[in-house]
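Undergrad: need the 3D shape of this:
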Amino acid sequence: MKKYTKYLLMLLWSTIIVACAKSENKPTKEKEVMKTKKVLFVTTSFDQVKVNGKKTGLWIEEFATPYYALALEGFEITVATPNGGNAPVDPKSTEPEYSTESVKKFYSDPAAQKKLAQTVALKDIKAEDYDAVFYPGGHGPMWDLPDNALSIALIKAFYEAGKPIALVCHGPAALKNVTDKNGVSLVKGRKISAYTNTEESTGQTLDMVPFSLEDMLKEKGAAYVKGEDWKPYSVQDGQLISGQNPASAELVAKQLITNLNK
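TA: Here you go, the predicted model:
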C-alpha cells in the first residue's frame, strides 16, 4: 500500500512539473508571435540648394502619411538620416495648400516631431534590426542619398535579406547607384514609379534637382511607370514598392503594410 501511495505521489508530482513547464513556455511563444515589427525611415540631411539659395529638405506629407499609417498598425518606427540629428523639412511642404490631415496631425504631435528632430545617423543603423525600409521624398534626398555609401549598402542589405523596400516621389533617387550582388543596377528591368519630368517642369522645380529622376531611372534600365500627374499612383515589383508623387504616399504605405502583414 505504501509503495502504491508513493507511486501515485510521484506520478502526480511529474504531472505538475510538466504542466508548469508548459505554462512557462506558453507566454514565450505568444511573445514571439506578437513580436513588434520595425520599420526604418531614411530621409535627408540636405537643406539648401546652393546654386539658387533655396531651402529644401523632406516633403513632410511623404513622411507624415506613411508614418501614421504604419504607427496605426502597431509597427515601431525609427528615422535615420545621413548626418543624424534634425531632418530638415522643405518649408514649401508646410504651406496651407499642402497641409493634408496627416501634416496637420504631425504638427500637433510632439512625439512625431521629436522623431524628425532627433534622427539616428546612418552609420549607427543595422539592416538586420528592421523588417522594412521606407524612403520618403522631397528634393533634399536627390542631393545627399544617391551617392551615400551607407544608404546604398543599407538598401542592398534589405534587398539581399528579402525585405520590402518602399520609396515615394523623389525617394527613388536613393536607388541610383544600388546594384545587386552581380553588380547589376537594382532597378534594371523592374517597374519603378517616381516623380515625373512633367511634374517637375509644371511645378517649376527644375532648378531644385541635380538630375532628372525619371531620366535616371530609365537610363539605369528601369521599366519606369506612371499615372496622371499629381494623382496617386504606386507599383510593386518584387520587394520594391514605389509611388509617383506626394499624393501616392498613402498607397505606398498600404502596400508596405500588406507586405509586412504576410
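Undergrad: now the element after the host helix or strand of Pro141, going C-ward?
TA: Using DSSP states H and E, Pro141 maps to helix 140-144. Read in the C-terminal direction, the helix or strand following helix 140-144 is helix 149-160, with elements assigned using DSSP H and E.
Undergrad: hang on, the earlier thing: list the buried residues for the helix holding Pro141?
TA: Neighbour counts over helix 140-144 (16 or more other CB atoms under 10 Å) mark 140-144 as buried. Using the backbone N, CA and C atoms, a C-beta is placed for each residue, glycine as well.
Undergrad: center of the protein, which residue is that?
TA: Phe134 (1.2 Å; CA atoms, centre = their mean).
Undergrad: and the nearest residue to that one once chain neighbours are set aside, how many residues sit next to it?
TA: Computed as CB to CB, 6 or more residues apart in numbering, the closest residue to Phe134 that is not its neighbour in sequence is Ala166, at 4.6 Å. The burial count assigned to Ala166 is 29, neighbours taken as other CB atoms under 10 Å.
Undergrad: strand partners of the host helix or strand of the residue nearest to the centre of the chain, parallel vs antiparallel please.
TA: Following DSSP H and E, one finds Phe134 within strand 132-135. Strand 132-135 has the following strand partners under DSSP bridges: strand 38-42 (parallel), strand 165-168 (parallel).
Undergrad: identify the bridge partners of the residue nearest to Phe134.
TA: Beta-bridge partners, per DSSP bridges, of Ala166: Phe134, Ile241.
Undergrad: how near is it to Gly203?
TA: When distance is defined by CB to CB, to the nearest Å, Ala166 is 23 Å away from Gly203.
Undergrad: show me where this protein has its helices.
TA: If you assign secondary structure with DSSP state H, the helices in the chain sit at 2-33, 60-72, 101-106, 110-117, 140-144, 149-160, 197-202, 213-219, 249-260.
Undergrad: returning to what we had before: could you give the separation of the strand holding Phe134 from the chain centroid?
TA: Between the centre of strand 132-135 and the centre of its host chain there is 2 Å, according to CA atoms, centre = their mean, to the nearest Å.
Undergrad: got it, and stretch 248-260?
TA: Distance, centroid of stretch 248-260 to centroid of chain: 10 Å (CA atoms, centre = their mean).
Undergrad: number of nearby residues for Lys35?
TA: 9.
Undergrad: quick check, pLDDT for it.
TA: The predicted local distance difference test score for Lys35 is 85.
Undergrad: from Gln239, how far out is it?
TA: When Lys35 is compared with Gln239 (using CB to CB), they lie 21 Å apart.
Undergrad: pLDDT weak spots in the chain?
TA: Scanning the chain for pLDDT under 70 picks out 1-34.
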